[in-house]
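S.K.: The following comprises the amino acid sequence and a computationally predicted model.
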Number of protein chains: 2
Amino acid sequence: MTTVREPKQDRSRVTRQRLLEATIDCLAELGWAATTVAVVAERAGVSRGATQHHFPTREDLITAALDYMFDNRMAQARVEATALPAGEGRTEAVIVRLVEYFTGTMFKAALQVWTAAAADPALKERIVPLENKFGRVAHRTAVHLLQVDDKDPASHQLVQATMDLARGLGLADVLTDDSARRNIIIRQWATTLDSRVKRLPTTDS
Amino acid sequence: MTTVREPKQDRSRVTRQRLLEATIDCLAELGWAATTVAVVAERAGVSRGATQHHFPTREDLITAALDYMFDNRMAQARVEATALPAGEGRTEAVIVRLVEYFTGTMFKAALQVWTAAAADPALKERIVPLENKFGRVAHRTAVHLLQVDDKDPASHQLVQATMDLARGLGLADVLTDDSARRNIIIRQWATTLDSRVKRLPTTDS
């Protein structure tokens, strides 16, 4: 076996990634107050010095972690989209997938940050642009997956309502496992959505 | 003018109420970490001793505050219900009202507690029964206001979805004023709901 020396640049990228993933895990599991740079660095197995080299402040670390995880999730969504059924059942499959994002670790971590930012103007100023970006990209992804005509006002609004519903279902899942109730709501909403939105003609996009 | 001496019992009730209201304000404004018993007592203008007499622990104070404010809001909803229009426009008026609860101080305070409880098992144990009660009572109130046949499964599920939507809209309003977008979503949702739910014959309840 040959030992392959990672180039320095790659090692730096891996270190950064480990820190960002550890940040999300800490936020979701331990909450806002307990997610300090020291705790994250220890969980990631990265020295304090290296951590501060990558992320000078706690706010830098946390906003970078949310941004990284969101981009990751959206890239994953685009890959998974190829496995979604066409025609009947597609709407429900898409909503199930969307709601999964709002009940996962990423949402639980984001909730900790959003809630802290509500009472912290400096943090809020950093989070609002992220929130805008997340909302815009998530909407665009949902429109694409649902194959809906976003230029039709009612359809545009119903996709937005679907994201709001998903966010509400995410919040209902924070303290207890709400999955049984949630699955019934998702099925009902898929039927409702199918009856109200204007579809785009199917293409091979 | 005659000075009316409040009976001791009434004074105690007023003190208690002042503490509960100050707790909600502190949570919504300062966040979870900053809402200590000392801060609440000072804001309410109540001595530490009297505060601890009413609420031995911080958790006692916070759970009592949420419970009190929720009961208050529901009582208010029942009074306000008499002013809701009958027939056309009623659904939208009801949803506007429901969403107001999820964008107000009470929701912002509750969000701080829910989020803290996500990472604090002892607090979570106290909050989950409250969450169950709030969900049950809010659903019953929504069914009553919307005059929907809750025994019809699709109607029952769509009322639940309406509460989930309202929760999601509440969360979207935490960092920025989302009211312009929200009002369009509410109107769309009202039309959708009207086209899908089974109504009860109108009575004078």
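M.R.: Alright, I've got the coordinates.
S.K.: Going by C-alpha atoms from here, please, whenever you check contacts or count neighbours.
M.R.: OK.
S.K.: any idea how far A:Arg18 is from chain B?
M.R.: 22 Å (C-alpha to the nearest C-alpha, to the nearest Å).
S.K.: One more: A:Ala117?
M.R.: 7 Å.
S.K.: Now do the SS call for that residue.
M.R.: Using DSSP: H, G, I helix; E, B strand; the rest coil, the structure places A:Ala117 in helix.
S.K.: Tell me who's in contact with it.
M.R.: Taking C-alpha atoms under 8 Å, 6 or more residues apart in numbering or on different chains, we find A:Ala117 in contact with A:Leu123, A:Lys124, A:Ile127, B:Leu175.
S.K.: Going by distance to A:Arg16, which of the residues you listed wins?
M.R.: A:Ile127 (20.2 Å; C-alpha to C-alpha).
S.K.: Run a quick neighbour tally on the closest one.
M.R.: Using other C-alpha atoms under 10 Å in any protein chain shown, A:Ile127 has 23 neighbouring residues.
S.K.: tell me the contacts of it?
M.R.: Per C-alpha under 8 Å, 6+ apart, neighbours of A:Ile127: A:Thr63, A:Trp114, A:Ala117.
S.K.: need those residues in a markdown table with pLDDT, can you?
M.R.: A markdown table is the format used below for these (pLDDT from 0 to 100):
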| residue | pLDDT |
| --- | --- |
| A:Thr63 | 97 |
| A:Trp114 | 97 |
| A:Ala117 | 98 |
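S.K.: if we can go back for a sec, show me the contacts of A:Ala117 that map onto helices.
M.R.: A:Leu123, A:Lys124, A:Ile127 (DSSP state H).
S.K.: Tell me, how many residues neighbour the first one?
M.R.: Other residues near A:Leu123 come to 16 when the count uses other C-alpha under 10 Å.
S.K.: Check the second one too.
M.R.: A count of neighbours around A:Lys124, defined by other C-alpha under 10 Å, yields 20.
S.K.: Could you tell me the angle between the helix or strand hosting A:Val159 and helix B:153-172?
M.R.: Using DSSP states H and E, A:Val159 sits in helix A:153-171. Per axes from the mean of the first three to the mean of the last three C-alpha atoms, to 10 degrees, the angle that helix A:153-171 makes with helix B:153-172 is 80 degrees.
S.K.: Give me the distance between A:Phe134 and chain B.
M.R.: For A:Phe134, the distance to chain B equals 12 Å [C-alpha to the nearest C-alpha].
S.K.: Next, the buried residues of the helix or strand hosting that residue.
M.R.: In the assignment (DSSP H and E), A:Phe134 maps to helix A:121-146. Using 16 or more other C-alpha atoms under 10 Å in any protein chain shown as the test for burial, helix A:121-146 gives A:123-124, A:127, A:130-131, A:134, A:138-139, A:141-146.
S.K.: same deal with stretch A:72-82?
M.R.: For stretch A:72-82, a neighbour-count test (16+ other C-alpha under 10 Å) marks A:Met74, A:Ala77, A:Ala81 as buried.
S.K.: Check which helices and strands the helix holding A:Val159 is in contact with.
M.R.: Other helices and strands packing on helix A:153-171, by 3 or more C-alpha pairs under 8 Å, 6 or more residues apart in numbering or on different chains; DSSP states H and E, are helix A:90-103, helix A:121-146, helix A:179-196, helix B:153-172, helix B:179-196.
S.K.: In terms of pLDDT, where does A:Ser205 sit?
M.R.: A:Ser205 carries a pLDDT value of 47.
S.K.: Look at the residue in chain A that chain B sits nearest to and say how many residues are nearby.
M.R.: Across chain A, the shortest distance to chain B (C-alpha to the nearest C-alpha) belongs to A:Gly168, at 3.6 Å. Using other C-alpha under 10 Å, A:Gly168 has 26 other residues around it.
S.K.: As CSV, the buried residues of stretch A:72-82 with pLDDT and distance to B:Leu193 would be great.
M.R.: Output for the buried residues of stretch A:72-82, formatted as CSV (pLDDT from 0 to 100; distance: C-alpha to C-alpha, whole Å):
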residue, pLDDT, distance to B:Leu193
A:Met74, 93, 31
A:Ala77, 91, 30
A:Ala81, 90, 29
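S.K.: Can I get these in JSON lines including distance to chain B?
M.R.: Shown next, in JSON lines, are those (distance: C-alpha to the nearest C-alpha, whole Å):
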{"residue": "A:Met74", "distance to chain B": "20"}
{"residue": "A:Ala77", "distance to chain B": "21"}
{"residue": "A:Ala81", "distance to chain B": "24"}
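S.K.: Spell out which parts of chain A neighbour chain B.
M.R.: A:28-31, A:111-112, A:114-119, A:124, A:128, A:154, A:157-158, A:160-161, A:164-169, A:171-172, A:174-176, A:184-185, A:188-189, A:192, A:196 (C-alpha under 8 Å from any C-alpha of the partner chain).
S.K.: Okay, now the unreliable bits of chain A?
M.R.: Residues of chain A meeting the criterion pLDDT under 70: A:1-6, A:202-205.
S.K.: So for it, the centremost residue is which one?
M.R.: Nearest to the mean C-alpha position of chain A, counting by C-alpha atoms, centre = their mean, stands A:Phe70 at 4.4 Å.
S.K.: residues in contact with whichever strand or helix holds it?
M.R.: Taking DSSP H and E as the criterion, A:Phe70 maps to helix A:58-80. Contacts to helix A:58-80, defined as C-alpha under 8 Å, 6+ apart, come from residues A:20-21, A:23-24, A:36-37, A:55, A:101, A:106, A:110, A:123, A:126-127, A:130, A:134, A:138, A:141.
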